[in-house]
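A.B. asks: Here you go, sequence then predicted model.
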Amino acid sequence: MRKKNICPLCRGDIKESFKFELDKEYDQKILKLSPEESLQIKKQLKQLEKEHIKISIVYGNTHKLLSNPLKTKSGNDNRHEWTVFFKCPKD
């Protein structure tokens with residue numbers, strides 16, 4: 001039985017046709033700040049596209065209680081602040 005590709009955050013299905021793409025706007029910013037490094041990264045990515053790679057991503061969330069609760073649309077107090085984070089561990 002084939003294991004389904006599922007997003008670890010939202011548990012939604014990841015289509016077989018999914019292809020990772022770089023953020024072009026962010027890429028342009030990096031190119032302006034550090035053209036040599038940007039070109040080196042692009043060369044590495046082209047090489048990696050030819051190979052199957054595994055990327056480790058650590059994800060989770062942080063929580064804190066708010067001293068001044070916020071009102072929700074339904075009028076309830078929301079005392080919780082959640083922040084999602086992603087990290088790529090150094091191997």
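C.D. replies: Sure thing, it's come through.
A.B. asks: what comes up buried for the lengthiest helix in the chain?
C.D. replies: For the chain, the longest helix by residue count, based on DSSP state H, is helix 35-49. Buried residues in helix 35-49, counted by 16 or more other CB atoms under 10 Å: residue 38. Using the backbone N, CA and C atoms, a C-beta is placed for each residue, glycine as well.
A.B. asks: Now tell me what touches that helix from outside.
C.D. replies: Contact with helix 35-49 is made by 22, 27, 30-31, as judged by CB atoms under 8 Å, 6 or more residues apart in numbering.
A.B. asks: at 7 Å instead, please
C.D. replies: 30-31 (CB atoms under 7 Å, 6 or more residues apart in numbering).
A.B. asks: Name the next helix or strand following that helix along the chain.
C.D. replies: Sequence order places strand 58-71 as the next helix or strand after helix 35-49, per DSSP states H and E.
A.B. asks: Tell me the first helix or strand C-terminal of that following strand.
C.D. replies: Beyond strand 58-71 on the C-terminal side, the first helix or strand identified by DSSP H and E is strand 77-87.
A.B. asks: so what secondary structure elements neighbour that following strand?
C.D. replies: Where contact means 3 or more CB pairs under 7 Å, 6 or more residues apart in numbering; DSSP states H and E, strand 77-87 is packed against strand 58-71.
A.B. asks: and the angle from the strand it packs on to strand 77-87?
C.D. replies: Strand 58-71 runs at 160 degrees relative to strand 77-87, counting by axes from the mean of the first three to the mean of the last three CA atoms, to 10 degrees.
A.B. asks: So which residues make contact with strand 58-71?
C.D. replies: With CB under 7 Å, 6+ apart as the test, strand 58-71 has contacts from 8-9, 77-87, 89.
A.B. asks: Give me the mean pLDDT for it.
C.D. replies: Here strand 58-71 scores 91 as its mean pLDDT.
A.B. asks: Where does pLDDT dip in the chain?
C.D. replies: 1-4, 8-9, 20, 52-53, 91 (pLDDT under 70).
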